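Q: using only what follows, build the 3D model:
(one chain, ligands or ions: 2)
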Amino acid sequence: MNVALKWQSLPGRALHAERLGHLASLCLKLEVKTYPKPGLVSHVDNGAHRDMDAELLCRSADTLAPFFCDLAAAGAGGAGMDRLRAIGVAAERAMLAATEGVNTHRGAIFGLGLLCAAAGYRNAVSVRKSLGRLVSERWDEDILSGPVSLRSHGAVAARRYGAGGARAEAADGFPSVYDIALPALHAARELAPHDEEAVRVQTCMRLIADVTDTNLLHRGGPEGLRFAQASASAFLTAGGVGSSGWRRRAADVHHAFVARNLSPGGSADLLAMALFVDRLDF
Ligand SMILES: CC(C)(COP(=O)(O)OP(=O)(O)OC[C@H]1O[C@@H](n2cnc3c(N)ncnc32)[C@H](O[C@H]2O[C@H](COP(=O)(O)OP(=O)(O)OP(=O)(O)O)[C@@H](O)[C@H]2O)[C@@H]1O)[C@@H](O)C(=O)NCCC(=O)NCCS
Ligand SMILES: Nc1ncnc2[nH]cnc12
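A: Ligands and ions are numbered 1, 2, ... in the order given. Down below sits the predicted model:
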């Protein structure tokens, strides 16, 4: 074992891993409790989804907490990608059992799971690096060379349109979280200092405007992706949550997505990851 990994006592590490697992689950629930979020499920309505509601997403988030905790503990113990993948696959199985087969959080298990593992590792070795950088430094090659599911919606969209999706995002150290979501989140706190839900709406819009979300490609093709990006961009250009009447304008964007059956599930996951990193990075 690496000497640095002995730095923190085991009970201390276990407690830290448990906290990280709960924080990851909380961030998934905060994402759900954000309205209006174009096309997505929230506590207000089910967006463009027939098989999901807020209760199901929160049940899924609760189910995942112990797996995020295991991933943080595995990271603290210096685990390689094989071990992380095994926990991730078990988490996917538990999610599908809890939701009766609905894919609520597959992308989030992957992204938040790797961030939990990095947070466990960082705490164990006491190194001052961002979580995204640690994911990229420790696991990027294994992430990119891991088994590819040929039938997933994301894999089909990746083959057809050349999108990198969740895997490229993680291997590159989550540029959509660090370069897109976090700057938007911090700027939004200036625009709406006492309204964290508004801050999350603004961050979500920024992500939709800038990310190649494979869920949008799956449901709407390149035209759907372009429409979604342009609509979110127009909301932001008009002042976003800093302008009067923003709730109505955001709701209009939401309803336009629902009418076109568009749902940016990847951006929803990235919002939860940004909330997680915002609490933990310096
Ligand atoms: C590597 C895996 C993530 C495999 O993923 P896949 O081959 O499916 O690839 P991706 O397209 O990359 O997407 C996976 C999910 O990631 C989210 N996502 C989409 N775009 C991005 C992006 N640009 N950056 C980051 N993340 C992105 C998205 O997840 C959300 O959407 C899910 C709902 O999807 P779906 O069922 O298709 O949706 P619907 O529209 O509702 O379908 P219909 O109603 O039309 O039927 C939801 O789960 C959100 O989370 C993408 O879906 C990975 O799964 C893998 O290899 N796992 C193994 C375990 C592992 O290695 N773990 C590592 C340690 S934890
Ligand atoms: N709020 C949400 N709506 C739809 N799909 C999602 N995947 C993750 N969060 C989601």
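Q: for the worst-scoring helix or strand of the chain on mean pLDDT, name the packing helices and strands.
A: Ranked by mean pLDDT, DSSP states H and E, the weakest helix or strand in the chain is helix 153-161, scoring a mean of 79. With contacts taken as 3 or more CB pairs under 8 Å, 6 or more residues apart in numbering; DSSP states H and E, helix 153-161 sits against helix 165-171, helix 214-237. Placement of C-beta: from N, CA and C, glycine included.
Q: does ligand 1 sit close to that helix?
A: Yes. Using CB under 6 Å from any ligand atom, helix 153-161 comes into contact with ligand 1 via 153, 154, 155, 158.
Q: what comes up buried for that helix?
A: Neighbour counts over helix 153-161 (16 or more other CB atoms under 10 Å) mark 153, 154, 155, 157, 158 as buried.
Q: again, but for stretch 256-265
A: 257, 258, 260, 262, 263, 264, 265.
Q: what's the closest non-adjacent residue to the first one?
A: Computed as CB to CB, 6 or more residues apart in numbering, the closest residue to residue 257 that is not its neighbour in sequence is residue 39, at 3.3 Å.
Q: host element of the one you found?
A: Following DSSP states H and E, there is no helix or strand that holds residue 39.
Q: okay, it: pLDDT?
A: We have a pLDDT of 98 for residue 39.
Q: which of the helices and strands packed on helix 153-161 is buried the deepest?
A: Most buried of the helices and strands packed on helix 153-161 by mean neighbour count (mean count of other CB atoms under 10 Å) is helix 165-171; its value is a mean of 21.
Q: what's that helix packed up against?
A: Against helix 165-171 (3+ CB pairs under 8 Å, 6+ apart) you get helix 106-125, helix 131-145, helix 153-161, helix 265-280.
Q: give me that answer again for 10 Å
A: helix 106-125, helix 131-145, helix 153-161, helix 214-237, helix 265-280 (3 or more CB pairs under 10 Å, 6 or more residues apart in numbering; DSSP states H and E).
Q: which among the ones you listed is found nearest to ligand 2?
A: For these, distance to ligand 2 was read as CB to the nearest ligand atom. The smallest value, 3.5 Å, belongs to helix 265-280.
Q: who in this protein is up against ligand 2?
A: Contact residues (CB under 6 Å from any ligand atom) of the chain with ligand 2: 31-32, 40-41, 47, 49, 52, 57, 105, 108, 263, 265, 268-269.
Q: quick check, nearest of those to residue 72?
A: Nearest to residue 72 out of the residues of the chain next to ligand 2 is residue 108 (CB to CB; 15.0 Å).
Q: okay, that closest one and residue 137: tell me how far apart.
A: As defined by CB to CB, to the nearest Å, residue 108 lies at a distance of 22 Å from residue 137.
Q: so which of those two has more stuff around it?
A: A count of neighbours by other CB atoms under 10 Å puts residue 108 above the other of residue 108 and residue 137, at 30 against 12.
Q: on that earlier part again, which one of the buried residues of stretch 256-265 is nearest to ligand 2?
A: Nearest to ligand 2 out of these is residue 265 (CB to the nearest ligand atom; 4.1 Å).
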